[in-house]
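Undergrad: Compute the structure for the input listed below.
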Amino acid sequence: MADANGPWNREPEPEEAGSPLRFWLWVISLAVLGGAIWKLSEMFPGQLSSDWDRYRLIQLVAILALVSAGFFFARQRRIGELVRNLAIWAGIALALLIGFAFRNELQDVGSRLRAELIPGTAIASNDEVVISASEDGHFYVYGNGDGVAVRFLIDTGASAIVLSPADAARIGIDTGRLTFNLPSQTANGVGFGATTTLDSLAVGPIRLTDVNVVVNQTDMSSSLLGMTFLRSLRSFEFRGGKLYLRPR
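TA: Residues are numbered from 1 along each chain as shown. As a prediction, the model looks like this:
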């Protein structure tokens, strides 16, 4: 026999009066949210400088309004519970608004953390690109040649941009059709390379077109960014375990 006090036989709790109060609390919370947005736009001018930024903000507010309405009106709640939920949603809205207002600054912080955790990540800061030294003290950077990702060692002792045979093949260069007749002095003796041209070479926001490169004949641990690349910059500087590249 079913328990008379079981969950299926409980008397429904009487609904509390106060739906108008809930409605006005919801309206007031949206008004506070709108006021916070207006105040933040005054404190941080230029943050909503494009139609896309305004669209994203309106979309965010609409989602918050829709979800919060569900919490206010889905079922009857005691006023204390309602106030608690209101405070929680106010905190969530404030955190999202602060994140939106400081999105560029937070993106810079994230980029700098990524550069420290993954040496070789090129970080654009103001009018320069910053690269952190790796554990071996060398400077590696992830760039791309003709749209293909390549890990380069920045080498001031190399006169040219030198691609390893493996990187050249990934880019789409047919190394079998190259003529390796360009001698160069290496730690292992004289090596030979072949000249070719890339449509584009990019390191972060730095982008070069119609770039002359050398494909090395023998395997290399990493492709090299030599003085051909560095001379294309306005300046570069090694300082405090960082490499600062300043494009023209």
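Undergrad: What's the first helix or strand after the lowest-mean-pLDDT helix or strand in the chain?
TA: Here the helix or strand of the chain ranked lowest by mean pLDDT, DSSP states H and E is helix 103-117, holding a mean of 52. On the C-terminal side of helix 103-117, the closest following helix or strand by DSSP states H and E is strand 123-125.
Undergrad: What mean pLDDT does whatever helix or strand comes next after that next one get?
TA: Using DSSP H and E, the next helix or strand after strand 123-125 towards the C-terminus is strand 128-132. Averaging pLDDT along strand 128-132 gives 87.
Undergrad: ok, now stretch 222-231?
TA: For stretch 222-231, the mean pLDDT works out to 93.
Undergrad: Can you pull out the residues in contact with it?
TA: Residues outside stretch 222-231 that contact it (CB atoms under 8 Å, 6 or more residues apart in numbering) are 140-141, 143, 150-164, 167, 201, 203, 208, 211-212, 236, 245. Backbone N, C-alpha and C define where each C-beta goes, glycine included.
Undergrad: Filter those residues down to the ones in helices?
TA: Of the positions in the contacts of stretch 222-231, residue 167 sit in helices, assigned by DSSP state H.
Undergrad: For the contacts of stretch 222-231, which ChimeraX command selects only the ones that are buried?
TA: To isolate the buried subset of the contacts of stretch 222-231 in ChimeraX, counting by 16 or more other CB atoms under 10 Å, use the following:
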select :140,141,143,150,152,153,154,155,158,160,161,162,163,164,167,201,203,208,211,236,245
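Undergrad: What residues does residue 145 make contact with?
TA: Here residue 145 is in contact with 163, 167, 171, 198, 200, 201, 211, 213 (CB under 8 Å, 6+ apart).
Undergrad: Surely the third one touches residue 164?
TA: In other words, residue 171. No. Here residue 171 lies out of contact with residue 164, judged by CB atoms under 8 Å, at a distance of 10.5 Å.
Undergrad: longest single strand anywhere in the chain?
TA: Of all the segments of type strand in the chain, defined by DSSP state E, the longest one is strand 189-203.
Undergrad: Show me the domain layout of the protein.
TA: Domain segmentation of the chain under automatic domain parsing yields 19-101, 111-246.
Undergrad: Flag whichever of those has the least confidence on average.
TA: Among the domains of the chain, domain 19-101 scores lowest, at a mean of 65.
Undergrad: how far away is residue 241 from residue 135?
TA: Shown here: residue 241 relative to residue 135, a distance of 11 Å by CB to CB, to the nearest Å.
Undergrad: more neighbours, the two?
TA: Neighbours per residue, other CB atoms under 10 Å: of residue 241 and residue 135, the larger number sits with residue 241, 12 against 6.
Undergrad: Let me see the contact set for the more buried one.
TA: For residue 241, the contacting residues are 132, 133, by CB under 8 Å, 6+ apart.
Undergrad: Show me the strands in the protein, by range?
TA: Listed in chain order, the strands found in the chain under DSSP E are 123-125, 128-132, 140-145, 148-154, 162-163, 182-186, 189-203, 206-216, 223-225, 235-239, 242-246.
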